[in-house]
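1. following is a predicted model, sequence given first.
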Amino acid sequence: MAFNLTRRKFLQTASLAAAAVPLSKVVSAETGITKAPLDAMGTHGDQTVVGGICEMCFWRCQLVGKVRDGRLMKLEGNPKSIDNGAAICARGNAGVKLLYDPDRLKYPLKNVGKRGAPTWKRISWQEALDTCGDKLNQVVDKYGAHGISVFPHGASAKYPMHYFERTVGTHNVSEASFFQCRGVRDTAYIATTGKAPGEKVDMPNTKVMFFIGTHIGENVHVSHVKQYIQGLQNGAKLIVADPRFSASAAKADIWVQIKPGTDTAYMLAIMNYLVQNDKYDHDFIENHSYGFEEFSEAIKEWTLEKAAAECDIPAAQIKEVADLLAANAPNVAIHPGRHVTWHGNDFQRQRALACLTGLLGAYYVKGGWVPAKGPKVKGFSWKNHDHGTDYNLNYNQEEEALRHPYAPPGTPSELIRDCAISGKPYPIKGCVVWGQNPMQTIPNQEKMKQVFMQMDFVMCVDIMPTDATLWADILLPEASYLERYDYIKKGTQWNLAETHQQYIAPRMPLVDPMFERKDQVYITNELAKRMGHASEIPVKSLEEMTEKSLASAGLSIAQIKAEDGIHIQPGKDPYSMPEDFEVQLYNDDLADAGFPGAPTYIAVPDVPKGFARLLYGRAPVHTFNRSQNNVWLHNAMPVNPVWVNNEVAGKLGLMDGDTVSVVNSEGVASGTTTTVKVTPGIRKDCVYMYHGYGSTNPALSVGKDQGIDDQKLITILTADPESGCSGMRNNFVKLVKNGKVLDMPA
Amino acid sequence: MTTTDTSENISSVYRFLAQCMEYPDQSWMSDNFFLALDNLLDNLGGQTEKESIHKALAGPSKYTDSIEDLQVEYTRLFINARPHVVAPPYGSVYIDKSLQGKFAGDTLAFYREKGFAMDDSADLPDHLIHELEFLSLLAADNDQEGEELFLKKFFRPWFRQFHQRVVAESQHPYFQVVSQLIDFFTKEEDNDGFQLNPA
Amino acid sequence: MQYGMIIDLERCVGCHACTIACKAEWEVPVVNSRNWVNRLGPSMTPEGLASTYYPGLCNHCEKPPCVDECPADPVDMTFTDAKSGATKTMSVSATWKDPFDGTVQIDKERCLGCGACADACPYGARFVNPDLADDNSMGKADKCTYCKPRVDAGFEPACVQTCIAGARIFGDLDDPSSEVSKYVKNGAKGIEPTGGHLGPNSRYYGNKRDMSLLFSSSTPALADLGSAKRRAMLATMVKPAMNKARDIGLLGLAGTMLVKKMNEDE
């Protein structure tokens, strides 16, 4: 620098005319300086703030915050909780680092550069909301409400989703939690039992747990893990069907090393064996099932031997499992799974699970599928309106029928994306992304880019930069789950064998929102005012919404606070079957709509020569890509090693810890690298990695390019015919080491 | 010139520098503001710096006007950006790799020890602006010892890195010059005016 | 009394909650850890295919090799039994084994930050925490304290409280009726370094295949005490210089000297 003075000399000689500016208000008092102790104090002496409901994942454990000088030091489970108790998982504990992530969005941003390659400028909320209102109005005026598409995820996205779906009136809403996760589970069970199953298996009190792909331990939801561990401690047998020796398989009595995609054949053989050998629950079938004859007939081809060949497992093991289940029926827990959009034949697999539960009589009995009886709390949101079927992409106007009659709520992602890209049957020109990251939730990223690029307007609301927020014209910073009122978590004690209790726990802020972050009710209402829907606004604030909901249960925020964040009341015995409960072993409606009436195995494409099937699953310390930038979680598992069978690795000359990249059968390369995990704990025809790594948004200073994004390698999409959900495990890959593409040995 | 005068001078300099780091806006970035900045630079012999700012402000705007240019650059340097925000103005980011880390807590504790508290509308305690405001208050109190301790323990350790990033990456001379001014007024010197810990 | 911790691998699901809770509770730097979870397998063991976890932490050993290596000037320190109120005065350096609860603790104010104790620990349970650097040192020795400040205040250790599977059990190994003693009776074992007799008090319980994988993969060798002693000796040599530096107000300089010496050592 050219300054030709030292600071000291300058201060002594210069005459200053620098304008003095007002200071921020400060309170002054005389104190001395004391030396702070070197050692950390621990948080047990800090102020305890109640009311937190976790959303590092979507299980929503009840929290308390430990606060020191307005700084959230630590999160703990609320000791009053009858669900998670004082325990929370790694992600829950790391919520502090999400709250204070330096990369988090702080102010409304306007993209003054290109979509996908943004240059951001901080703008005022006024300008941001005016712009969003104007642009969305323009889309509605020009193309109609259906010209807007919405990609929501998480508790904060419910209220705006309802606004756009119900009030503005677009069908084009796609929730990743349905179409790329558990939607097909719910609709398949509804088609079979009339009820969405959740994961409501009474594991603590069961004699046998039966998992298809479920990998509890790597998939972590606290009270669910507690139930599972209690079941094991109580002596339950565990059967795990998985191509990989998962965390659950490692605790299993029987590991079924099944060929990917063949699970339905496996279960049909089990069920056929139970029927043929008269090992099913006669009483249940007689009184609570429909279509046993047609069902038995339809599955009778599935002998143990046929399934053994199809599934690449020993016939004797299938028999062993079937006998174990029959011997312990009805106290068996047939787990419905969670993320089940695997192969595009998933509706049938979920139907098979529901029917198997019925054959074993394992509904509403100890250790079976038992929906706990939770408390009733009313929700407050935008009023429902019927917007007809004219612009419903899932409705086939010529045939006057739904294309995917068992689609979960909303419109299947692929129908929206195809419509947006082709402009047929109508243009979709406005896009609202709220808490979802469709670049890493909906497979085929090139397609998603095309969708974004052809929009007239894209707005994103999130707490963090994601691979989707790069495509926003306006990017709005949202208050996180620790900084707002919101979602009311309710349920029962985690172990149904204990005294029946119910709880109601509203999300209440543990700390104030920093910077200019706002919550979903504020943002949505401000949009509604600018879009001519002010008169329909249901609540003025999240606090009011919470207060109204609580009032419906005779409670108030003040009372909940006085009760340490959780209201607990007497519960009800859940172990009684409703008289009209019925399992549709054969479903006439399905048959009428042209689908198989009985659960049916639909084979998936075989692995092409030289490739391995790409499988993925949950990392215990991450919730997909959402938590990748969290320093604590990243440090716990920085990359997602690709699991390779030890014999395969031996033939390829791969060593444990080698660095590789991955390329798929359509030539799409991972771009980033990861390490190899050589293990006998995976089949030879597949490789496995944790989902959610390899984010590309450079604004993620911790998570960017760490490990490989499995989603990028999923380019072949198989839509499940009944539900329209995405099948994501029909993609095939090769490993690349030192630039050399390795042919996977058969 | 008495010690008190010097303290008052340095106090207003710190306050002025804090103002310089606010989000650029017509409401305060007036002609008078730039006159004050010019005056300061004149007194320091910073002709080149002065001219570079004026040239940039008078030159063709990349966006609607020169203030918007500064706003886009401020956003890129200090708030959110692609590929990555250049220099977040919070000490904890450099020391703890997090906002509100231990460093922010220790900074706040130091304010408390000196009898100051944060206003409700304030940013985080370790924001560059607040650290400068605090230094200004210490200077006004003529607490030279406190000023030096604060500079050494809570300001220089991260500002050095911040400054390097701003100087290396800023595409607008305004932010480079402001950062240089802050650097200049916060460096340690020995009795002869030489700097002990060059950045 | 001897505090000890049991890790029940039958329950543990490898979720890492214990490690993150510890980071939050004790403001542990991102890259350091007072406890850890190593994921083991799936690997073939003589007992069959196994996959389990090594949730590790300070073993608060019967004969802690770290304590003997501390070069800080010993001082007399009086310990009090939380239960009986009995007291005992011992001469200790900056780290010691508590005569009443059996935990191994550090006085960070007196710690020289030389890292000799970290070198002496075969488990890698100690580290020099750079966040605690002061004018005299690059940092201070840091490790699991069994959450002594929490436990003394009537709370559970942070990792025990947050464990979602109830896999961490804390208590008095000298009390035969305690939960931890029952586990020991049922076969819970500490990981003893090859050829060592340290008496680790963090112990592991599990089925045959998991225990086989844990012990075959995670049994350390005894630390090379030569390196620890060299480090301690260097710290002792620098100590007078440091005191002198303190006297003449050149605190920054002493830190630099210490760095230089250590670098030469490496």
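-> Looks like it came in fine.

2. quick one, longest helix in chain A?
-> Ranked by residue count, the top helix of chain A under DSSP state H comes out as helix A:125-143.

3. tell me how far that helix lies from the chain's centre.
-> Counting by CA atoms, centre = their mean, to the nearest Å, helix A:125-143 is centred 30 Å from the centre of its parent chain.

4. just checking, what packs against that helix?
-> For helix A:125-143, the packing partners by 3 or more CB pairs under 8 Å, 6 or more residues apart in numbering or on different chains; DSSP states H and E come out as strand A:109-111, strand A:148-152, strand A:430-434, strand A:457-462, strand A:474-477, helix A:520-530. Bear in mind the C-beta positions are built from the backbone N, C-alpha and C, glycine included.

5. out of those, nearest to C:C159?
-> Proximity to C:C159 (CB to CB) singles out strand A:457-462 among the helices and strands packed on helix A:125-143, at 32.1 Å.

6. now do that closest one: everything it contacts.
-> Applying CB atoms under 8 Å, 6 or more residues apart in numbering or on different chains, the set of residues contacting strand A:457-462 from outside is A:105, A:115, A:132, A:135-136, A:138-139, A:156, A:160, A:429-435, A:437, A:452, A:466, A:468-469, A:471-478, A:520, A:523.

7. now swap in stretch A:645-652 and tell me
-> A:612, A:644, A:654-656, A:676, A:678-680, A:682-684, A:735, A:737, A:742, A:744-745.

8. how about that stretch as CSV, C-alpha atoms only?
-> The C-alpha atoms that make up stretch A:645-652 are tabulated as CSV, following Å, rounded to 0.1, in the frame of the first residue of the first chain:
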residue,chain,number,x,y,z
ASN,A,645,-17.0,-58.3,-3.6
ASN,A,646,-13.5,-59.5,-2.5
GLU,A,647,-13.3,-62.2,-5.3
VAL,A,648,-14.3,-59.6,-7.9
ALA,A,649,-11.8,-57.2,-6.5
GLY,A,650,-9.1,-59.9,-6.7
LYS,A,651,-9.8,-60.5,-10.4
LEU,A,652,-9.7,-56.7,-11.1
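
9. show me the contacts for the nearest residue to A:H691 once chain neighbours are set aside.
-> Distances taken as CB to CB, 6 or more residues apart in numbering or on different chains place A:Y616 nearest to A:H691, at 4.3 Å, with adjacent residues excluded. Residues touching A:Y616, when contacts are defined by CB under 8 Å, 6+ apart, comprise A:Y688, A:M689, A:Y690, A:H691, A:D710, A:M728, A:R729.

10. again, only this time at 7 Å
-> The contact partners of A:Y616, taken as CB atoms under 7 Å, 6 or more residues apart in numbering or on different chains, are A:Y688, A:M689, A:Y690, A:H691, A:D710.

11. tally of neighbours for C:S181?
-> Residues contacting C:S181 under the criterion other CB atoms under 10 Å in any protein chain shown number 18.

12. host element of it?
-> helix C:179-185 (DSSP states H and E).

13. dihedrals phi and psi, the residue most central in space within chain A?
-> For chain A, the residue nearest the mean C-alpha position is A:S177 (5.0 Å; CA atoms, centre = their mean). Here is the backbone geometry of A:S177 (degrees, to the nearest 10): phi -70, psi -20.

14. please tell me how far it sits from A:V184.
-> Spatial separation of A:S177 from A:V184 under the definition CB to CB, to the nearest Å is 12 Å.

15. swap in C:Y53?
-> Taking CB to CB as the measure, C:Y53 and A:V184 are separated by 33 Å.

16. what about those two, which has more around it?
-> For C:Y53 against A:V184, the residue with the higher neighbour count under other CB under 10 Å is A:V184, and the figures read 33 against 28.

17. got the contact list for that one?
-> For A:V184, the contacting residues are A:V340, A:T341, A:D346, A:F347, A:Q350, A:D720, A:S723, A:C725, by CB under 7 Å, 6+ apart.

18. give me the neighbour count for the residue of the stretch 101-250 of chain C found nearest chain B.
-> Taking CB to the nearest CB as the measure, the point where the stretch 101-250 of chain C comes nearest chain B is C:D131, at 6.5 Å. Neighbouring residues of C:D131 were enumerated by other CB under 10 Å; the total is 18.

19. anything in the lowest-mean-pLDDT helix or strand in chain B near chain A?
-> Across the helices and strands of chain B, mean pLDDT, DSSP states H and E gives its lowest value to helix B:3-20, namely a mean of 80. Yes: under the criterion of CB under 7 Å from any CB of the partner chain, helix B:3-20 makes contact with chain A via B:T6, B:N9, B:I10, B:S12, B:V13, B:R15, B:F16, B:Q19.

20. mind putting these into a markdown table with distance to A:V168?
-> What follows is those, written out as a markdown table (distance: CB to CB, whole Å):
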| residue | distance to A:V168 |
| --- | --- |
| B:T6 | 63 |
| B:N9 | 59 |
| B:I10 | 57 |
| B:S12 | 53 |
| B:V13 | 54 |
| B:R15 | 49 |
| B:F16 | 49 |
| B:Q19 | 43 |
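
21. how long is stretch A:143-159 end to end?
-> End-to-end span of stretch A:143-159 (CA to CA, to the nearest Å): 23 Å.

22. pLDDT below threshold where in the chain?
-> With no chain named, the answer covers chain A. Within chain A, the ranges that satisfy pLDDT under 70 run A:1-37.

23. wrong one, chain C
-> Chain C contains residues with pLDDT under 70 at C:237-266.

24. for the residue nearest to A:H691, which three-state class applies?
-> What DSSP: H, G, I helix; E, B strand; the rest coil gives for A:Y616 is strand.

25. from the contact counts, what lies against the helix holding C:S181?
-> Contact here means 3 or more CB pairs under 7 Å, 6 or more residues apart in numbering or on different chains; DSSP states H and E; on that basis helix C:179-185 packs against strand C:3-8, strand C:168-172.

26. point me to the residue of chain B nearest chain C.
-> Checked against chain C (CB to the nearest CB), the nearest residue in chain B is B:K102, 5.2 Å away.

27. confidence score at that residue?
-> Among the per-residue scores, B:K102 shows a pLDDT of 89.

28. separation between it and B:F154?
-> B:K102 sits 12 Å away from B:F154, taking CB to CB as the criterion.

29. one more: A:P427?
-> As it turns out, when the distance is counted by CB to CB, A:P427 lies 56 Å from B:F154.

30. looking at those two, which has the bigger crowd around it?
-> Summary of the neighbour comparison: A:P427 and B:F154, criterion other CB under 10 Å, with B:F154 having more neighbours (23 against 19).

31. identify the residues contacting the more buried one.
-> Taking CB under 7 Å, 6+ apart as the contact definition, B:F154 lies against B:G91, B:T107, B:F110, B:E131.

32. of the residues you listed, closest to A:M56?
-> For those, the residue nearest A:M56 by CB to CB is B:G91; the value is 26.4 Å.

33. need the contact list for the closest one.
-> Each residue near B:G91 by CB under 7 Å, 6+ apart is listed here: B:F103, B:A104, B:T107, B:D126, B:F154, B:W158.

34. ok, and the closest non-adjacent residue to it?
-> For B:G91, ignoring the flanking residues on the chain, the nearest one in space by CB to CB, 6+ apart is B:D126 at 3.7 Å.

35. surely that neighbour touches B:A104?
-> Yes: counting by CB atoms under 7 Å, B:D126 touches B:A104, with 4.5 Å between them.
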